[in-house]
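S.K.: sequence first, predicted coordinates after that:
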Amino acid sequence: MAYPDAFALKNSGLNAFLFADVGTELNGSGLTILSVLARLGQDPWAEAARWAKLPKAAAVDCLTQSITRMPLGPRALADARATAARLILLLPSQTQKPAQSTSATVSTAAAPNWLVITFLYGALAFGLAVNMIMMPRPPAAVATPIEQTVHHTL
């Protein structure tokens, strides 16, 4: 599978954005957008590429939310929106055609999630079926003759 150049680190137009300084953590370490996104469990290049396609205001909102979840000083957290607005300018310009619908992009991006969920439910159902088949069954009741169960009292 061939990936677009955005995923090639040395050729990425996203590097200036991803390696931009967000601020200083409470422990004194510098924080970049790359480290912010990685700490949030997101793929930094994929997220930056997604933000590059968003309207500027929406991208600023996304980055602001990400910055405010980091262990930054109070001043840096208060300036998170201004920092995000400054850093969003480092994203490559949008090349998406106006006639292209963003809903088509959203539906194709959501499809793999449904595929994974469907696969997991199928695997769960298969596991339950195998468990039911393999479960030990109690032995059948053995019939005892009536004569053995009747007590004679003579």
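M.R.: Right, received. Where do you want to start?
S.K.: okay, which residue is most central for the protein?
M.R.: Residue closest to the average C-alpha location in the chain (C-alpha atoms, centre = their mean): residue 42, at 6.4 Å.
S.K.: and the protein, split by domain according to the record?
M.R.: The record's domain parsing of the chain by automatic domain parsing lists 5-88, 103-133.
S.K.: which regions of this structure lie under the pLDDT threshold?
M.R.: For the chain, the stretches with pLDDT under 70 are 1-12, 94-112, 140-154.
S.K.: switch the domains of the chain over to a markdown table; also include distance to residue 139.
M.R.: For glycine as for every other residue, the C-beta is placed from the backbone atoms N, C-alpha and C. Formatted as a markdown table, those follow (distance: least, C-beta to C-beta, whole Å):
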| stretch | distance to residue 139 |
| --- | --- |
| domain 5-88 | 51 |
| domain 103-133 | 18 |
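S.K.: the strands in this protein, which residues?
M.R.: Listed in chain order, the strands of the chain (DSSP state E) span residues 21-24, 30-32.
S.K.: chain center to the first one, what's the gap?
M.R.: Here strand 21-24 is found 24 Å from its chain centre; the criterion is C-alpha atoms, centre = their mean, to the nearest Å.
S.K.: let's see it as CSV, backbone CA atoms only.
M.R.: The C-alpha coordinates for strand 21-24 follow below in CSV (Å, rounded to 0.1, in the frame of the first residue of the first chain):
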residue,chain,number,x,y,z
ASP,A,21,6.7,24.6,20.3
VAL,A,22,3.4,24.7,22.3
GLY,A,23,4.9,25.8,25.6
THR,A,24,6.8,24.6,28.6
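S.K.: what's the distance between residue 44 and residue 38?
M.R.: 6 Å (C-beta to C-beta, to the nearest Å).
S.K.: those two: who's more crowded?
M.R.: residue 44 (19 against 14; other C-beta atoms under 10 Å).
S.K.: not counting its neighbours along the chain, what's nearest that one?
M.R.: Take residue 44 and drop its neighbours on the chain: the residue closest to it by C-beta to C-beta, 6 or more residues apart in numbering is residue 37, 4.1 Å away.
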